[in-house]
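Trainee: everything below, folded, please.
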Amino acid sequence: MKTNVLYYGDNLEILRKYIPDSSVDLIYLDPPFNSKKDYNVLFKENGGVESEAQIQAFSDTWHWTKNARDTYHDIVANGPLKVGMLIGALHEAIGNNDVMAYLVMMTARLIELHRVLKPTGSLYLHCDPTASHYLKIVLDQVFGPANFRNEIVWKRTHAHSGGKRYGAVHDVLFFYSKTSQYTWKTQYVSYSQRYIDDFFRFSDPDGRRYRATILTGSGTRKGSSGKPWRGIDPTASGRHWAIPGYARPLLGRKALTDVQAALERLDTIGRILWPAKPGGIPSFKQYLDDLTGVELQDTWTDIPPISAQAKERLGYETQKPLELLERIINTSSNKGDIVLDPFCGCGTAVVAAEKLKRKWLGIDITHLAIALMRNRLKDSFGMDAEVIGEPVDTASARALAHQDRYQFQWWALSLIKARPAGDKKKGADKGIDGVIHFIDEVSGKPRRVVVQVKSGHVAVNAVRELRTVAANEAIGVLITLEEPTVPMKTEALDAGYYHSPIWDKDYPKIQIFTIEELLHGKAVYMPPQTQTSVTFAKAQKLAQKHGEQLVLEAQSIYDPGQS
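Mentor: Prediction:
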């Protein structure tokens, strides 16, 4: 199985065709669901005659269609027995609506994701409260209730008005393992400033903060913990010597088994605080930096959402913070493991996996997302990611155009790194499928290359239309599957040139490219591109991490029976 590749297509088909059984160590998925709709609308009955369920960038749609109905029948008839029974019961209760379509399509994919996961693997499913309760029931049946590990709450946004209800500020991540033995590395987070101020109230002259921790525990004991030390007998007050666990790294081998030796060692290195009153019980001087932090819990409020000013922001509506995916990957995988994201969108999981030296697989059904991921990996790591499933010649490009003209359009735009202008040619950009921005004026104002994509028959009228659309723009580009006719080429030449005052060059005002030419490396002739030309925003340049911060658990495979 190839790794570090992107797949274009329906993830259900790709999982079945390319991903073997028990081959993936960690799965993260953030499946789209249009929860911005009115909740009641999602449960509205429909007849299943609309276009098949599909996912498009920024506008995901799951409808009860013939495809959803066929998938439902397949799960009930051929899926795991308990899963089929559950889906049948849910269908009886919910009916033919968008929520049921979503659950049916997700169930088919979760069955495949369970299949490809290694016995030591884990899955994190990211969702919001719209359908999370239904998804958990499905996950329990696919993975088994015993393999449910956590429901993680992530505060994804800041407080806002709830409109006669509590403000919705969190997402849910369901964490499941395939078996009871799964990869686990404990993560730690920093103490709150309030905790530090309340408990670490003392400081050394150099500002190093500490607190005094009592060195005895309740109850008397036999052995070295019950013997007097330095004339102090803890049993006199019904107690015994107790060395805190966080002091153990400071002790030698003998001191780990002999409490008297441990106390001597702590005093030698200046970690005993002696009371002013003779005969009083001494304390352990515990520095704040002795502690690793607080073990991570199931409520995450320390990872902020991506703000409008964030450097990692790419303009993808559902983009998740890189820190969120790094936490998941650090916790549930090791270096060299394989991370799979079957709904990878703008590719945050893929980028986090590459940064943390994991292998990865990314799948998405839109060429817009695939193009964004390729650019992001190029910008962040300088790598050219292989894409399986994209057209590689004119014949496969024609097949894509026949299947879905908008996917063809997005793919064609990605060949020249043009930004899509919109799904359905609306508003001011009517007649424009894509744009490339560049800065080429003495004033510093941006200029545009406007792009039209034609997947069918073309004639000279197509060039005339582009000339009209591009009249007030710098350059117009026409991308076509078919060879341009002689009148088309003549019309393009008659359009003249755009003169760049900075570069003192003339560029053809109208340029025509066939898909075949672009596949063979031909490029738009234009002034040098700047960062504004990149589809969405340019990603941060990242380095692979050689060390993993806050990963302090040496044990790789966690077995509750051995804890």
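
Trainee: what's the single longest strand in the protein?
Mentor: For the chain, the longest strand by residue count, based on DSSP state E, is strand 117-127.

Trainee: specify the angle between the helix or strand following that one and strand 117-127 in degrees.
Mentor: As assigned by DSSP states H and E, the chain's next helix or strand after strand 117-127 is helix 132-143. Relative orientation of helix 132-143 with respect to strand 117-127: 170 degrees, computed using axes from the mean of the first three to the mean of the last three C-alpha atoms, to 10 degrees.

Trainee: give me the nearest residue to residue 247, chain neighbours excluded.
Mentor: By the measure of C-beta to C-beta, 6 or more residues apart in numbering, the closest residue to residue 247 outside its immediate chain neighbours is residue 284, 5.9 Å from it. In short, each C-beta sits where N, CA and C put it, glycine included.

Trainee: wasn't that neighbour part of a helix?
Mentor: No - assessed with DSSP: H, G, I helix; E, B strand; the rest coil, residue 284 is strand; it does not lie in a helix.

Trainee: if I look at it, how far off is residue 214?
Mentor: Residue 284 is 8 Å from residue 214, where distance means C-beta to C-beta, to the nearest Å.

Trainee: more neighbours, the two?
Mentor: When residue 284 and residue 214 are compared for neighbours, residue 284 comes out ahead with 22 against 12, by other C-beta atoms under 10 Å.

Trainee: now do the buried residues in stretch 212-229.
Mentor: Neighbour-count burial for stretch 212-229 flags 213, 215-216, 221, 224-226, 229 (criterion: 16 or more other C-beta atoms under 10 Å).

Trainee: ok, now stretch 289-299?
Mentor: Buried positions in stretch 289-299, judged by neighbour count with 16+ other C-beta under 10 Å: residue 296.

Trainee: and that stretch, how far from the chain's centre?
Mentor: 23 Å (C-alpha atoms, centre = their mean, to the nearest Å).

Trainee: then stretch 198-212?
Mentor: Remark: stretch 198-212 is offset 39 Å from the chain centroid, using C-alpha atoms, centre = their mean.

Trainee: who touches it?
Mentor: When contacts are defined by C-beta atoms under 8 Å, 6 or more residues apart in numbering, stretch 198-212 is touched by residues 196, 273, 283-289.

Trainee: if you set the cut-off to 10 Å instead, what comes out?
Mentor: Residues from elsewhere that reach stretch 198-212 (C-beta atoms under 10 Å, 6 or more residues apart in numbering): 191-192, 196-197, 213, 270-271, 273, 275, 282-291.

Trainee: list the residues that contact residue 524.
Mentor: Contacts of residue 524 were listed using C-beta under 10 Å, 6+ apart, and they are 415-418, 436, 449, 451, 475, 477, 479, 507-508, 511, 513, 518, 533.

Trainee: repeat that for 7 Å
Mentor: Going by C-beta atoms under 7 Å, 6 or more residues apart in numbering, residue 524 touches 416, 436, 449, 477, 511.

Trainee: just for the chain, where's the confidence low?
Mentor: Along the chain, the model assigns pLDDT under 70 to residues 34-61, 162, 254-255, 308-310, 313-317, 422-430, 441-443, 529-540, 543-563.

Trainee: please parse it into its domains.
Mentor: Under automatic domain parsing, the residue ranges defining each domain of the chain are 5-189+297-388, 193-292, 418-533.

Trainee: what's around residue 515, how many residues?
Mentor: 25.

Trainee: equivalent analysis for residue 5, please.
Mentor: 17.

Trainee: for residue 152, same thing?
Mentor: 20.

Trainee: surely it and residue 173 touch.
Mentor: Yes - when contacts are counted by C-beta atoms under 7 Å, residue 152 is listed as touching residue 173 (4.1 Å).

Trainee: spatially nearest residue to residue 122 (excluding sequence neighbours)?
Mentor: residue 332 (4.4 Å).

Trainee: and that neighbour, backbone torsions?
Mentor: Backbone torsions for residue 332, taken as degrees, to the nearest 10, come to phi -120, psi 20.

Trainee: how near is it to residue 390?
Mentor: Residue 332 is 30 Å from residue 390, by C-beta to C-beta.

Trainee: and residue 444, by the same measure?
Mentor: According to C-beta to C-beta, residue 444 and residue 390 sit 36 Å apart.

Trainee: okay, the two: which has more neighbours?
Mentor: More neighbours surround residue 390 than the other of residue 444 and residue 390, with 20 against 7 (other C-beta under 10 Å).

Trainee: separation between that one and residue 121?
Mentor: Remark: distance between residue 390 and residue 121 (C-beta to C-beta) = 28 Å.

Trainee: so what's residue 398 up against?
Mentor: Contacts for residue 398 (C-beta under 7 Å, 6+ apart) come out as residue 481.

Trainee: what about it, helix or strand, and which?
Mentor: Judged by DSSP H and E, residue 398 forms part of helix 394-403.

Trainee: for residue 353, same thing?
Mentor: With DSSP H and E as the test, residue 353 turns up in helix 348-355.

Trainee: fine, thanks again, bye for now.
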